[in-house]
Structure formats: C-alpha cells, structure tokens
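Student: got a predicted structure plus its sequence, pasted below:
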Amino acid sequence: MKLKPELKGALLALLGVVVIVIGIWICIGIRIGIWMPSQYERYNYLTQNMPVAYLLWHGKIKAGDDAEKLITAWRPHSITRYDSWIAMDWYPGGRDTNFISLIGMAVLAKDGKLVAASSYADDGVDQRIFFDTLTPADKTAERAALKAYVNKIQAEREKNSSVNLSR
C-alpha cells in the first residue's frame, strides 16, 4: 500500500509537531525539574505568590549566600534563630495566625551562610531540595540545637504558667 503525497505530508507535519512538543517538555523537565502538569501548576502558584520561590527555582539564591541579606531583601514570614542556625520560611499569601500552611519554602543557614533550601507540600507535589550542603554531622548538630531551643521555650512557658497559677 502506497500513501498519497498529501497524507504523507500531513503525517510528517504531525510527527514534527509531536517531536517539538516532546522536546519542549524534556527541556522544561531538565531545566526546572517539572515533568507533570500538576507540578507546573504548583510552580506557577509558588513563583507568583512568593518571589523568593522563583529565585530558588532558577538558582539565583545559592548555598553560601549571606542569610542576613536574604532576610533583609525577602522578609521571611517566619524566622527562628537558635544557636548558630537560622531557619526561614515563606508561605503563599503570607503568614496567617489562623492556620498552618502546608505549602511553602524553607531555607536554613548556619553561621550566617545558607546551607539548605527546599520547597514542601503536604500533597507531595513539587517537594524538592534546591541545595543541601549539610553533612550528617551538621544535621545532627542542627537537630540538637533545635531541640535545645524548643526545650528552653517549653521550660519558660511552664515556668510562666506556674507563676500565673500561683497568683
């Protein structure tokens, strides 16, 4: 069976369009790590609501950058300082005291330099690590420092609540 030249040309054009679309999909997947439409929607949502997300996604914020400059320029919605660590979080739409955001961006600094950055989500869409230069020993030290910080806050609260009860 021989194909008509018109049909052959249409099939060739269709094949060309398919190759181009697949090429664009692969290019986007390799460049920014987005392979599924749901990931692309989340990427758009985060980058439109948090400019810091765009900078992290495109490598403009890197490990070793100055944490204080990042804080000054992009005002995290949550900053926790403990020992030599600074944990920063950004949430779409900003911080709201009426709920806990299950989607956001987290950056960790040690001794004033960025050492880890990631995005997180409760549904698993676009959970990614942008960079993480922490060694296992650093991770252990960070967990210990955070635990000491939390224990200190809990002790202060218990002390304050017992003082209030005695009055």
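Tutor: Sure, I can see it. The shown structure was predicted, so the numbers you read here are calculated from the model rather than taken from an experiment.
Student: just give me the neighbour total for the closest residue to residue 93 other than its chain neighbours.
Tutor: Leaving aside its chain neighbours, residue 93 sits nearest to residue 49 (6.2 Å; criterion: C-beta to C-beta, 6 or more residues apart in numbering). In short, each C-beta sits where N, CA and C put it, glycine included. Look at residue 49: counted by other C-beta atoms under 10 Å, it has 14 neighbours.
Student: how much space separates residue 49 from residue 159?
Tutor: Residue 49 is 39 Å from residue 159, where distance means C-beta to C-beta, to the nearest Å.
Student: quickly find the element holding the most centrally placed residue in the chain.
Tutor: Nearest to the mean C-alpha position of the chain, by C-alpha atoms, centre = their mean, lies residue 119 at 1.9 Å. Per DSSP states H and E, residue 119 falls inside strand 113-121.
Student: what packs against the top helix by length along the chain?
Tutor: Longest helix in the chain, counting residues (DSSP state H): helix 136-166. Applying 3 or more C-beta pairs under 8 Å, 6 or more residues apart in numbering; DSSP states H and E, we find helix 136-166 packed against strand 78-82, strand 85-90, strand 103-110.
Student: quick one: closest of the ones you listed to residue 139.
Tutor: Ranking these by their distance to residue 139 (criterion: C-beta to C-beta) puts strand 103-110 first, at 10.0 Å.
Student: how big is the angle separating the closest one from strand 78-82?
Tutor: Here strand 103-110 runs at an angle of 30 degrees relative to strand 78-82 (axes from the mean of the first three to the mean of the last three C-alpha atoms, to 10 degrees).
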